[in-house]
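Participant: Take this sequence and fold it.
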Amino acid sequence: MPVLKTYKNTDDVLTGLADFFVESAKSAIASYGKFSVSLSGGSSPKKLYELLASADYKDLVDWSKVYFFFGDERNVPDTHPDSNALMAEKALFKPLHIANEQIFKVNTALTPAEAAKSYTDDINLFFKNDTVRFDLILLGLGDNSHTASLFPHTSILHDTTASVKEVFLEDQQVYRISFTANLINNAHQIAFLVYGQGKAEAVHHVLEDTTNIDEYPAQLIVKDNKAYWFLDEAAASALEEV
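Facilitator: Here you go, the predicted structure:
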C-alpha cells in the first residue's frame, strides 16, 4: 500500500512534504554524495518550491549536490509563462542560486519527438547508462486523474519503456513531453502533492477504484510503500479507508 500522509490544511501538507524532501536529500547525499530529484509543474508545487527556498528551509540542504529534472514539460519555450522550467527557476533555482549544470531542462526548441529522445539521452547520461532510478520524483494529480503528462486515453499510458515520450493532447491540440510510468516507478521514492476539495474525487478514483488506467492514469504509479501521498483533509475526504 502507498503511504498516506493526511494533514489538516494546505500549509501543513506543504510543510510535511518539505520536511520529507529535506530528509530524502540528506539521506541520498550522505549515502552517495548527490541527490537526484524530478520536479512536477503547476500551481501546487510552486508553493512547495517557494517554501524550500525560504529562510526556514534554504540552509537545511546542501544544494550544490542536488540535481534537478522535470517529470514533464509543456511544448513551449522555456521563457513562456506556461513553462514548468520557468516556474521552477523563479520559485526555486534563482532564490537558491542553483548552478546551471545542476538543472536538466527539456529542450523544447526541438520537435516534441526529438525533445523526448534528447531528454531520455540526457537522463541516461547522468545515470551513466545504468538503471535510471531517481532518488525522488515529485508528482501532482489533475482532477481528471492524470499525473505528469500521463493523460486519459493517450498512447503513453501503454508505453512499457522507462523513458521520456511526447504526448499529444487531442482536446487541447498541444504536445507535452513526459516521463513514462515505468521511468517514474523505478524511483527510490515517489511523492504526490495533492490538496483541495477539487481533487478529492480523483484521489478516490486512483487509490480505491477498480483499475482502469485509460480513465485514471495515475493508477499506473506504484501503490507500494515507496509511494507517498501528501494530502490535506479536503483532498482525502472521498477516501473510504484513510
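
Participant: With only the CA atoms kept, save the worst-scoring helix or strand of the chain on mean pLDDT in PDB.
Facilitator: Lowest by mean pLDDT, DSSP states H and E among the helices and strands of the chain is helix 43-52, with a mean of 94. This file holds the C-alpha atoms of helix 43-52, laid out as PDB (Å, rounded to 0.1, in the frame of the first residue of the first chain):
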ATOM      1  CA  SER A  43       0.500  25.800  -9.200                       C
ATOM      2  CA  SER A  44       0.500  23.300  -6.300                       C
ATOM      3  CA  PRO A  45       4.300  22.500  -6.300                       C
ATOM      4  CA  LYS A  46       5.200  26.200  -6.800                       C
ATOM      5  CA  LYS A  47       4.200  26.800  -3.200                       C
ATOM      6  CA  LEU A  48       6.400  23.800  -2.200                       C
ATOM      7  CA  TYR A  49       9.400  25.200  -4.100                       C
ATOM      8  CA  GLU A  50       8.900  28.700  -2.500                       C
ATOM      9  CA  LEU A  51       8.900  27.100   0.900                       C
ATOM     10  CA  LEU A  52      12.100  25.100   0.200                       C
END
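
Participant: tell me how far that helix is from the chain's mean position?
Facilitator: When distances are taken as Cα atoms, centre = their mean, to the nearest Å, helix 43-52 is centred 12 Å away from the chain's centroid.

Participant: Buried residues of it, list them for me.
Facilitator: Residues of helix 43-52 classed as buried: 44, 45, 46, 47, 48, 49, 50, 51, 52 (neighbour count, 16 or more other Cβ atoms under 10 Å). All C-beta spots, glycine's among them, are computed from the backbone N, C-alpha and C.

Participant: likewise stretch 187-194?
Facilitator: Here stretch 187-194 shows 187, 189, 190, 191, 192, 193, 194 as buried, counting by 16+ other Cβ under 10 Å.

Participant: before we move on, back to that, please list the outside residues in contact with the least confident helix or strand of the chain.
Facilitator: 10, 14-15, 17-18, 21-22, 39, 57-58, 61, 87-88, 91-92, 96, 138, 140, 193-195 (Cβ atoms under 8 Å, 6 or more residues apart in numbering).

Participant: same thing but at 10 Å, please
Facilitator: With Cβ atoms under 10 Å, 6 or more residues apart in numbering as the test, helix 43-52 has contacts from 10-11, 13-15, 17-18, 21-22, 25, 39-40, 57-58, 60-61, 63, 84, 87-93, 95-96, 138-141, 191-196, 199, 230.

Participant: got the residue ranges for the helices in this protein?
Facilitator: With DSSP state H, the ranges of helices along the chain come out as 10-32, 43-52, 84-88, 94-96, 112-126, 181-185, 200-208.

Participant: wait, residue 123 sits on residue 68?
Facilitator: No. Contact criterion Cβ atoms under 10 Å: residue 123 and residue 68 do not qualify, at 12.0 Å.

Participant: anything in contact with each of the two?
Facilitator: 36, 38, 104.

Participant: Would you mind listing where this structure has pLDDT under the threshold?
Facilitator: 129, 242 (pLDDT under 70).

Participant: As a check, name the ranges of all strands in it.
Facilitator: Along the chain, counting by DSSP state E, strands occupy 3-7, 35-39, 66-70, 72-74, 136-139, 164-169, 174-179, 189-194, 227-232.

Participant: From residue 30, how far out is the residue lying farthest from the centre of the chain?
Facilitator: Relative to the C-alpha centroid of the chain, counting by Cα atoms, centre = their mean, residue 240 is the outermost residue, at 25.6 Å. To residue 30, residue 240 is 39 Å away according to Cβ to Cβ, to the nearest Å.
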